[in-house]
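**Q** sharing a model that was predicted from the sequence below.
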4 protein chains.
Amino acid sequence: TDFQSAPSLREQLLYVWVLSLICEEFRQKAKMYFTELWNILDVLSSLLFCLGLVFRLTTELFYTGKIILCIDFVVFCLRLMAIFTISRTLGPKIIIVKKMIMDMFFFMFLLSIWVVAYGVAKQGILIHNDSRLSWIIQGAIYEPYLIIFGNFPKDIDSDIDSCSMNGTDPLKPKCPVLNENQMPAFPEWLNIIMLCVYLLFVNILLLNLLIAIFNFTFQEVQDNTDKIWKFQRYELIKEYYRRPATAPPLNIYSVFHYFYLKIMRRNKPRKHNEFKIQLKPEVEKDLLHWEGLMKDRYLLSARQEQSQRTETCILDTSQR
Amino acid sequence: TDFQSAPSLREQLLYVWVLSLICEEFRQKAKMYFTELWNILDVLSSLLFCLGLVFRLTTELFYTGKIILCIDFVVFCLRLMAIFTISRTLGPKIIIVKKMIMDMFFFMFLLSIWVVAYGVAKQGILIHNDSRLSWIIQGAIYEPYLIIFGNFPKDIDSDIDSCSMNGTDPLKPKCPVLNENQMPAFPEWLNIIMLCVYLLFVNILLLNLLIAIFNFTFQEVQDNTDKIWKFQRYELIKEYYRRPATAPPLNIYSVFHYFYLKIMRRNKPRKHNEFKIQLKPEVEKDLLHWEGLMKDRYLLSARQEQSQRTETCILDTSQR
Amino acid sequence: TDFQSAPSLREQLLYVWVLSLICEEFRQKAKMYFTELWNILDVLSSLLFCLGLVFRLTTELFYTGKIILCIDFVVFCLRLMAIFTISRTLGPKIIIVKKMIMDMFFFMFLLSIWVVAYGVAKQGILIHNDSRLSWIIQGAIYEPYLIIFGNFPKDIDSDIDSCSMNGTDPLKPKCPVLNENQMPAFPEWLNIIMLCVYLLFVNILLLNLLIAIFNFTFQEVQDNTDKIWKFQRYELIKEYYRRPATAPPLNIYSVFHYFYLKIMRRNKPRKHNEFKIQLKPEVEKDLLHWEGLMKDRYLLSARQEQSQRTETCILDTSQR
Amino acid sequence: TDFQSAPSLREQLLYVWVLSLICEEFRQKAKMYFTELWNILDVLSSLLFCLGLVFRLTTELFYTGKIILCIDFVVFCLRLMAIFTISRTLGPKIIIVKKMIMDMFFFMFLLSIWVVAYGVAKQGILIHNDSRLSWIIQGAIYEPYLIIFGNFPKDIDSDIDSCSMNGTDPLKPKCPVLNENQMPAFPEWLNIIMLCVYLLFVNILLLNLLIAIFNFTFQEVQDNTDKIWKFQRYELIKEYYRRPATAPPLNIYSVFHYFYLKIMRRNKPRKHNEFKIQLKPEVEKDLLHWEGLMKDRYLLSARQEQSQRTETCILDTSQR
């Protein structure tokens, strides 16, 4: 990922590829487009790409452009997850993940209250009037958040070099309050008790509550996911059927061809035959006949089975 | 959170707000008040606030007052969790959390035995007669407790600078026992084995036991929580209905108004009409009639359904 | 826990207490004593205590005695878990813990294979012919074991001070192999891949397998634990009933009294009336009669219920 | 594990042992050999051993040979897991582990997308045009992967000594981008937000999804594993039955004997009587008779039970 001021050849090829992808997206932009999550991701990634590209070609905002392109890469990767919809094993999992994200969203409310309560109290006790917002947020929210994942902050009192006494060094947090003997003034036992209770409730109680919620959701959803997934796969296949035959970096030609067709024969819009196979009349009649037969047979067997069901039998017998 | 000796304007506004909240609480202080957890938290936070405010306005106890206000912030945050009772998704979760706290409470007994057993033994083997209680507690309880959450203490033998040989430096723990060759005298293999067994039983066995307990509780409670939550939401709505219309910082007027009313018309106590809608007699009669009809219809359908239940049918048939 | 050469007054009091506990244990040493786990722990703790006490009173083995007493403390703490058998909530949990320890025991076989496989391979690749057994064990078993709990070793290649090149410093591990350019000779990518695979299989696969096993065991055992626990509580109450009335530090008198009685009236052994209430003959007859009545009534209701069970009814009807 | 240039006596003994194991494997190399996983592991370990042995006896590739032998040790250890198939408790677990590895394999796709997305974006923002592939991979894949297991990288901005500014020191990563004031140019808040989201989705959502998947698989598979395991144990016993009687280091004689037999009496191939007991004709007839009787009795009882099943009874009754 060499990243010079002037884009290299490989980079330019990448740009062509992504632009062809964007063209492809434009072509699809029909009604009911923004209803699906994946399409929103598509558009977002395209917009970010264009913005990043413009920034990247300037000299002042060169670094900003690079950052935007990096974020765009994340969006592209998440978009990639849509491909798993094809897989028999991973497809249903992605539906479950969507459900779990909803669970987690509500769970975050509970979590954030604990994080903010502990973080602000700890910061207030330890540090006296830090005026720099970034360090306040880092101490009051970021550190308690990392503790959840097992990353404990180092003991502040042990090393005096890692903090600046007046809060003037922008790379270091402010030191905790000292009393007149140059000793830490805050009651350490209080901090320790607060940390212990915080760990108990967040790392043990809330995280395990989340595991239990996920377990419950998973077992509930597992049975229905198979059906939902089949519908989704059908949608995906239909979408790829409509797409031009060539892969993205080469589909620019097909896009040009498409626009050419549209402009020239505007009066005669080509009907898109979605998955329809044109049959001769007699064959179609036969097919309809066969379908009617099958429908009758299915209804008959369903009625028969229903009449032999245990509950029905019992009711019949007792009412005889 | 600038925190000067003399309270700033923003701080004074906050004080007025909290005091109005406290007035509000006083107004509610009816019978059956202390039965609920949330009300206890309310009172606790009000008391802490007053105490902290008094301390904060003195000069000697200024820092103590700040600490009390920080703790009060934690209580306020936890009180905030009562708001989630409104939410359809989070409301039942909070009931489950209460159940889980009971589970965890008993679990703490099991855990604490292991923590104390390991911690005291480790401290006794490593360190000889430390007379400072704070460092003993830190070594015997706090460190083994943090190990549960993945925060291992650094190896003590590797750096001689982080401990004080005679236990005189108040910021450093006492060094482990050395023998006459200035080498650590304690058997390191014993410490390692103790740590391994401790990790195995606490981090693997007990924590996973807790996960299993939570899973079990969750699946048991999940079905009933919905009903309990509906009752709780009704209580919450009733409480807010009784409250004055204006939001806390502006409700001081309404409180004054309330006391004025109470003092003036003491002979004619205003009847509090809780959620009751005054209906005209004929409308009320119709409503009662309709309710009676509905009750009969429900009882009929319930009896019919009961008679068609499978078990009843079978019993009938076999006894014919 | 001041620990001087000559035992202090508080320490001597503790010795008297523990010795009285041991006397109590001797008194109980009836048949079928060693069948239960708790009794084995009792005896072990008593033996360790005596051994530690003897060592502690010498001067050469003073430190060894202290270590033995520390280990004895751990055994005492684990023995304390038997008290939880009384509690309605924790009693069944302890039965489940016993089951889980069995699960974990078998699980350790699976785990140890992975730990040893990774640890030995890592040690073999990194370090050339370390002749000190303690450092080999630490590198090949202890470090991979700690990785399971999230305690990663520091990168060895970054700091040359924390290892000794020839393995002569007893406090430092041997340095990894260097090639002729004084650069690490081992292929770092191989180590990284090995660590990644190890983490994947041990931290994710095996630990989560264990969680699933525990969940399964818990749900299976949960129903039966209540009954088992009631039997255990009965045993515990019976044991305490037989004990002398005074608490351990004061029961030395009762022990002396017991031995005195045994020696004096050896010809007339006092019959131990375990939980039996002496009743007058007519009252006992009435009780037996009432018990017979109750038995008949229970059998009748059980037979009636059996005949009304759904399966029986169906069978009857179809065979009529 | 002393590892000199010339193999020591103990090492040579080990070689003989492993070679005898390999001979044993050759003897077994019948049809349908490569179908089972364990046999593939056997062959792989044998090949690796030979390769490592050859390398180890040279002087240039001595260290490479050692590394190959270390990897071979890992394969041997994994092969050891097949022995657990014997155990009643661990046997079924190993079948479950195989299923879980399949689950985990698909899960890795989901995980890797998140790891790569976060890692590449972080690397792109922090570091400008590092040309060394190894450090790019370490920063973009290895570090985000370790974060999953709780091993956070140290803050890069705090210590300037641990990175090299121009990326010339091969032991240190390249420093993050600085602006003209020699301050870190990257927006730290962006990195922190990215890390927080990454932690939330990977450490909380995906890992707990995996726990739920494993729980589901475990409960589904648990019932069938017992049967599968009995078949596997039968296979294992059959395999050991066919083996020569002596244990591996002494079975070289038996192998020689086997080849001797094969070469001498090539015309009369010894029929391998697998588990068959030669019976006298009359005894065999009795046995067949008894088996027929048993088969009839089982079929009768099965038919009877089927006719008494609840559903059948109900159907009979209602159709009478």
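**A** Yes, it's here.
**Q** tell me which residue of the stretch 101-250 of chain A lies closest to chain C.
**A** Closest residue of the stretch 101-250 of chain A to chain C, CB to the nearest CB: residue A:150 (5.6 Å). For glycine as for every other residue, the C-beta is placed from the backbone atoms N, C-alpha and C.
**Q** doesn't that residue lie inside a strand?
**A** No - assessed with DSSP: H, G, I helix; E, B strand; the rest coil, residue A:150 is coil; it does not lie in a strand.
**Q** residues in contact with it?
**A** Taking CB atoms under 8 Å, 6 or more residues apart in numbering or on different chains as the criterion, residue A:150 is in contact with B:149, B:150, B:151, C:150, D:150.
**Q** any idea how far residue B:297 is from the second one?
**A** Between residue B:150 and residue B:297 the distance is 61 Å, computed by CB to CB, to the nearest Å.
**Q** go ahead and confirm residue A:210 touches residue A:107.
**A** Yes - under the criterion of CB atoms under 8 Å, residue A:210 makes contact with residue A:107 at 5.5 Å.
**Q** if we can go back for a sec, I'd like the contacts of residue A:150 as CSV, with pLDDT appended.
**A** Formatted as CSV, those follow (pLDDT from 0 to 100):
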residue, pLDDT
B:149, 85
B:150, 80
B:151, 78
C:150, 79
D:150, 79
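**Q** dihedrals phi and psi, the residue of the stretch 101-250 of chain A closest to chain C?
**A** phi 90, psi 10 (degrees, to the nearest 10).
**Q** let me know the secondary structure of residue A:106.
**A** helix.
**Q** need the contact list for it.
**A** B:87, B:89, B:90, B:93.
**Q** take those residues and keep only those in strands.
**A** Assignment to strands by DSSP state E places none of the contacts of residue A:106 there.
**Q** of the residues you listed - the most surrounded one?
**A** residue B:93 (24 neighbours; other CB atoms under 10 Å in any protein chain shown).
**Q** can you give me the helices in the stretch 1-150 of chain A?
**A** Remark: helices assigned in the stretch 1-150 of chain A by DSSP state H, counting those that start in this stretch are A:9-28, A:37-57, A:62-80, A:90-126, A:133-137, A:143-148.
**Q** and the angle for the first one with helix A:37-57?
**A** What that stands for is helix A:9-28. Interaxial angle of helix A:9-28 relative to helix A:37-57 (axes from the mean of the first three to the mean of the last three CA atoms, to 10 degrees): 140 degrees.
**Q** if we can go back for a sec, max pairwise distance over the contacts of residue A:106: which two?
**A** The largest distance within the contacts of residue A:106, taken as CB to CB, falls between B:87 and B:93 and amounts to 8.7 Å.
**Q** give me the buried stretch members for the helix or strand hosting residue A:301, please.
**A** Using DSSP states H and E, the element containing residue A:301 is helix A:281-308. Residues of helix A:281-308 include none that count as buried (16 or more other CB atoms under 10 Å in any protein chain shown).
**Q** and it, anywhere near chain B?
**A** No - Helix A:281-308 is not in contact with chain B by CB under 8 Å from any CB of the partner chain; minimum separation 15.1 Å.
**Q** mean confidence for that helix?
**A** Helix A:281-308 comes out with an average pLDDT of 85.
**Q** coming back round to it: reformat the helices of the stretch 1-150 of chain A as CSV; add mean pLDDT and distance to residue B:199.
**A** Shown next, in CSV, are the helices of the stretch 1-150 of chain A (pLDDT from 0 to 100; distance: least, CB to CB, whole Å):
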stretch, mean pLDDT, distance to residue B:199
helix A:9-28, 71, 49
helix A:37-57, 80, 42
helix A:62-80, 84, 36
helix A:90-126, 85, 26
helix A:133-137, 80, 34
helix A:143-148, 86, 20
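**Q** point me to the residue of the stretch 151-300 of chain A nearest chain B.
**A** Minimum separation of the stretch 151-300 of chain A from chain B (CB to the nearest CB) falls at residue A:212, amounting to 3.8 Å.
**Q** chain C contacts on the stretch 51-200 of chain A?
**A** Residues of the stretch 51-200 of chain A lying near chain C (CB under 8 Å from any CB): residue A:150.
**Q** so which bits of the stretch 51-200 of chain A are right by chain B?
**A** Contact residues, the stretch 51-200 of chain A versus chain B (CB under 8 Å from any CB): A:106-107, A:109-110, A:113-114, A:116-118, A:120-121, A:124-125, A:128-129, A:131, A:136, A:147, A:150, A:152, A:157-158, A:177, A:183, A:185-190, A:192, A:194, A:196, A:199-200.
**Q** doesn't residue A:136 make contact with residue A:128?
**A** No - between residue A:128 and residue A:136 there is no contact under CB under 8 Å: 12.0 Å.
**Q** what ranges in the stretch 201-320 of chain A fall below the confidence cut-off?
**A** Counting by pLDDT under 70, the stretch 201-320 of chain A has low-confidence residues at A:242-259, A:261-277, A:307-320.
**Q** can you give me the helices for it?
**A** Going by DSSP H, counting those that start in this stretch, the stretch 201-320 of chain A shows helices at A:207-242, A:252-264, A:281-308, A:310-319.
**Q** now do the same contact list for the nearest residue to residue A:120 once chain neighbours are set aside.
**A** Distances taken as CB to CB, 6 or more residues apart in numbering or on different chains place residue A:140 nearest to residue A:120, at 5.0 Å, with adjacent residues excluded. By CB under 8 Å, 6+ apart, the residues touching residue A:140 are A:116, A:119, A:120, A:122, A:123.
**Q** pLDDT wise, what is residue A:140 at?
**A** At residue A:140, the model reports a pLDDT of 83.
**Q** from residue B:84, how far out is it?
**A** Taking CB to CB, one finds residue A:140 at 22 Å from residue B:84.
**Q** what of residue A:126?
**A** 29 Å.
**Q** next: residue A:284.
**A** Counting by CB to CB, the gap from residue A:284 to residue B:84 is 59 Å.
**Q** and what of residue A:71?
**A** Residue A:71 is 32 Å from residue B:84, by CB to CB.
**Q** pull out the buried positions in stretch A:196-208.
**A** For stretch A:196-208, the neighbour count (16+ other CB under 10 Å) marks A:198, A:199, A:200, A:201, A:202, A:203, A:204, A:205, A:206, A:207, A:208 as buried.
**Q** farthest-apart pair in those, please.
**A** A:198 and A:208 (15.2 Å).
**Q** check contacts around residue A:107.
**A** A:206, A:209, A:210, A:213, B:93.
**Q** out of those residues, who's near chain D?
**A** Of the contacts of residue A:107, the ones that also sit near chain D (CB under 8 Å from any CB) are residue A:210.
**Q** ok, so of the contacts of residue A:107, who is nearest chain D?
**A** Proximity of the contacts of residue A:107 to chain D (CB to the nearest CB) peaks at residue A:210, which lies at 6.2 Å.
**Q** roughly how far does that closest one sit from residue B:102?
**A** In this view, residue A:210 and residue B:102 are 19 Å apart by CB to CB.
**Q** ditto for residue A:53
**A** Taken as CB to CB, the span from residue A:53 to residue B:102 is 58 Å.
**Q** when the two are compared, which one has more neighbours?
**A** residue A:53 (18 against 11).
**Q** give the contact list for that one.
**A** A:15, A:65, A:69.
**Q** wait, residue A:77 touches residue D:115, no?
**A** No - the pair residue A:77 / residue D:115 is not scored as a contact, 9.6 Å apart, by CB under 8 Å.
**Q** of the two, who's got more company?
**A** Per other CB under 10 Å, whichever of residue A:77 and residue D:115 has more neighbours is residue D:115, with 23 against 19.
**Q** mind listing what that one touches?
**A** D:141, D:144, D:145, D:148, D:202.
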